[in-house]
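Novice: sequence and predicted model, in that order:
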Amino acid sequence: MRSKLVTVRKVLSRVVAALAATLVVSLLLPVAPASAHGQLATSTPLKGTVVREPLTRLALYFTEKPASNAHFAISGPDGSRVDNGWSYGEPKRLDKPVTEYFMVNGVFEPRLYHTGFPAMVTVAHWPAKGRYTASYLSVASDGEAVRGEVTFDYQGPGTPAPAGWSAPTAGPDPALLAQAEGEGSSSGATGSPVAPTGAAAADPAGATQEQRGGGFPAWLIPALIVVTVAVIVLVAARRRPATRGASTVDRRSAGGTGRGGAATRKSANPTRKSGNRSGGPARRGRR
């Protein structure tokens, strides 16, 4: 029973080691890049920063020009909206290029974006200090939804609302929502990017395609993980019989040594007994 428990523990330890090795390999290998396009590159203010002056507009810079029916909203600490429309701004060169990936013939092709295309969202007023959230929803040139939010902390002075102004309540355009709900249906999953209308989309301004050698097949990561696990299992299976054989031989040799020692002791005992018997009559003769 004890030997079975030892065997089970060894098997479990090997399984845990194999899983740990697989996890390490998966973490070291490059992760398959996301194919989202037209993403947010930077913003003013930046996410998580503290704003101490009442800004009149927020700037959200994307890797391509937002859709004309894109939706932007800014909510204050109490959840009420303080945005008052948006407009396009002047593109600017990004301090740090953004890399996006396109699936072309089963391979992710990286493209570097050096230019940011802003959406300037007007802030009507700053009612109170606290956390503000700027949310956005648009559709990229390949038909994928572009959505997210930028949160920051406002610690500047409060400002009054414009005369006759009321908080907006309108949501995204129904056509925009329909396109966003169908995200990925017209994306470049098996070829070049496709525009929402179905026509082939030209590369957005500011995008430069890297060399093809920079991409890698999408199936490469799972294949490498499977091969690594198989190698670990084979190595463990080959070492296991050798260990068992060595332990059996050691036990047998140890058992043989013990028996030999017992035989030696037995053979020594008769010698002592015969010596005693021969010495007995001699002592009697002297008397």
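Specialist: Received it, and whenever you're ready, just let me know what you need.
Novice: where does pLDDT dip in the stretch 51-200 of the chain?
Specialist: 183-200 (pLDDT under 70).
Novice: quick one, helices of it?
Specialist: 174-181 (DSSP state H, counting those that start in this stretch).
Novice: so which strand or helix has Ala230?
Specialist: Assigned by DSSP states H and E, Ala230 belongs to helix 220-286.
Novice: and the longest strand along the chain, what does it pack onto?
Specialist: Taking DSSP state E as the criterion, the chain has its longest strand at strand 107-123. Contact here means 3 or more Cβ pairs under 8 Å, 6 or more residues apart in numbering; DSSP states H and E; on that basis strand 107-123 packs against strand 40-44, strand 57-62, strand 71-75, strand 83-88, strand 92-104, strand 207-209. In short, each C-beta sits where N, CA and C put it, glycine included.
Novice: residues in contact with the first one?
Specialist: For strand 40-44, the external contacting residues (Cβ atoms under 8 Å, 6 or more residues apart in numbering) are 58-63, 94-96, 98, 113, 116, 134, 136, 146, 148, 150.
Novice: partners of that strand, with directions?
Specialist: Its sheet considered, strand 40-44 pairs with strand 57-62 (antiparallel) by DSSP bridges.
Novice: what angle do the strand it pairs with and strand 92-104 make?
Specialist: Following axes from the mean of the first three to the mean of the last three Cα atoms, to 10 degrees, one obtains 30 degrees for the angle between strand 57-62 and strand 92-104.
Novice: quick one: residues in contact with strand 57-62.
Specialist: Identification of contacts with strand 57-62 by Cβ under 8 Å, 6+ apart yields 38-45, 72, 74, 89, 92, 94, 116-123, 134, 136, 138, 146, 150.
Novice: buried subset of those residues, written for PyMOL?
Specialist: Of the contacts of strand 57-62, the buried ones can be selected in PyMOL as follows, counting by 16 or more other Cβ atoms under 10 Å:
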select buried, resi 38+39+40+41+42+43+45+72+74+89+94+116+117+118+119+120+121+122+123+134+136+138+146+150
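Novice: hang on, isn't Ser141 packed against Thr63?
Specialist: No. Counting by Cβ atoms under 8 Å, Ser141 does not reach Thr63; the two are 10.2 Å apart.
Novice: who's more crowded, those two?
Specialist: Per other Cβ atoms under 10 Å, whichever of Ser141 and Thr63 has more neighbours is Thr63, with 28 against 19.
Novice: just give the nearest non-adjacent residue to the more buried one, would you?
Specialist: Tyr113 (4.1 Å; Cβ to Cβ, 6 or more residues apart in numbering).
Novice: so that neighbour sits right up against Glu100, yeah?
Specialist: Yes. Tyr113 lies in contact with Glu100 (Cβ under 8 Å); the separation is 6.4 Å.
Novice: picking that back up, closest to Ile232 out of the helices and strands packed on strand 107-123?
Specialist: strand 92-104 (30.7 Å; Cβ to Cβ).
Novice: tell me which strands and helices the closest one is in contact with?
Specialist: Checked by 3+ Cβ pairs under 8 Å, 6+ apart, strand 92-104 has strand 40-44, strand 107-123 packed alongside it.
Novice: let's have these in TSV, adding distance to Val50.
Specialist: Listed next are these as TSV, based on distance: least, Cβ to Cβ, whole Å:
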stretch	distance to Val50
strand 40-44	13
strand 107-123	16
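Novice: relative to Leu177, which of those is closest?
Specialist: Counting by Cβ to Cβ, Leu177 lies closest to strand 107-123 out of the helices and strands packed on strand 92-104; the figure is 17.9 Å.
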